[in-house]
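Asker: Show me the folded form of this:
(chains A and B)
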Number of protein chains: 2
Amino acid sequence: MADSVYENIRSSRVRGTAVYNPAGERLGAIDDLVIGKRDGMVKYAIMSFGGFLGMREEYYPVPWDMLSYDADKGGYVADLTKEKLTDSPRFNRGDEPNWTDPAFGRRIDDHYGSPPI
Amino acid sequence: MADSVYENIRSSRVRGTAVYNPAGERLGAIDDLVIGKRDGMVKYAIMSFGGFLGMREEYYPVPWDMLSYDADKGGYVADLTKEKLTDSPRFNRGDEPNWTDPAFGRRIDDHYGSPPI
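Answerer: Here you go, the predicted model:
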């Protein structure tokens, strides 16, 4: 088994990890991960943009498979543009969606055209 | 796609979730999750036992597939006995293993007879 399956990290350490676009610009950071209670898959990275792209201080769950880890950058790279984030599912601090309700997860997957995992 | 694939939870909310044995006794709690940087799989739950089974205040990473979520209990169930935990990989607070080093993950999987995921 390749060593890469053992390239692991504590989930709490992922929080705060930077996310870059393919041009190398820092988009924001990961606020938290959303995982499947039963299947143990990381489904979404909740991103905060901190004002980049003119985004308000809201939280954007993005399908995990849109992010790829870049060891050189020490962060994740995602091909996210302002256009893709327009009208994307989001929430404000203190207005947490119900993650056990399928509706919100479906909205995220539909918006980004991601298969449910 | 079945609704259960959307039964999700924030990873930060998993921390502190109780773990029971099949007899319903509370073994301890999840301190953190260890995930694959690239594949987005939850690999291990780091458990603390809080003195149960006479265990010292150490951290025991347990393969995630040994835990099953029990909605009624609001926690996870794992068939862990004192025997299985004897000589199992563990670490003290402040003596964190290097999760990107394959050696520690291999030790955990070997100890519990879990396939690498």
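Asker: ok, now how distant is residue A:36 from residue B:39?
Answerer: Using CB to CB, to the nearest Å, we find residue A:36 at a distance of 14 Å from residue B:39. Glycine gets a C-beta too; all of them are placed from N, C-alpha and C.
Asker: more neighbours, these two?
Answerer: Higher neighbour count among residue A:36 and residue B:39: residue A:36, with 20 against 16, using other CB atoms under 10 Å in any protein chain shown.
Asker: looking at it, the more buried one is touching residue B:11, isn't it?
Answerer: No: the pair residue A:36 and residue B:11 fails to qualify as a contact (CB atoms under 8 Å) at a distance of 10.7 Å.
Asker: Give me the local confidence score for the residue nearest to residue A:75 when sequence neighbours are not counted.
Answerer: In space, and not counting its chain neighbours, residue A:75 is closest to residue A:18: 3.9 Å by CB to CB, 6 or more residues apart in numbering or on different chains. You'll see residue A:18 listed with a pLDDT of 94.
Asker: I'd guessed residue A:18 sits against residue A:29; true?
Answerer: Yes: between residue A:18 and residue A:29 a contact is recorded at 5.4 Å, counting by CB under 8 Å.
Asker: So between the two, which is more surrounded?
Answerer: Between residue A:18 and residue A:29, counted using other CB under 10 Å, residue A:29 has the larger neighbour count: 19 against 15.
Asker: list the contacts for the closest residue to residue A:76 other than its chain neighbours?
Answerer: Leaving aside its chain neighbours, residue A:76 sits nearest to residue A:67 (4.2 Å; criterion: CB to CB, 6+ apart). Applying CB atoms under 8 Å, 6 or more residues apart in numbering or on different chains, we find residue A:67 in contact with A:19, A:45, A:76-78.
Asker: what's the following helix or strand after the helix or strand of chain A at the bottom of the mean pLDDT ranking?
Answerer: When the helices and strands of chain A are scored by mean pLDDT, DSSP states H and E, helix A:82-85 comes last with a mean of 82. Helices and strands here follow DSSP states H and E; after helix A:82-85, the next one along the chain is helix A:102-112.
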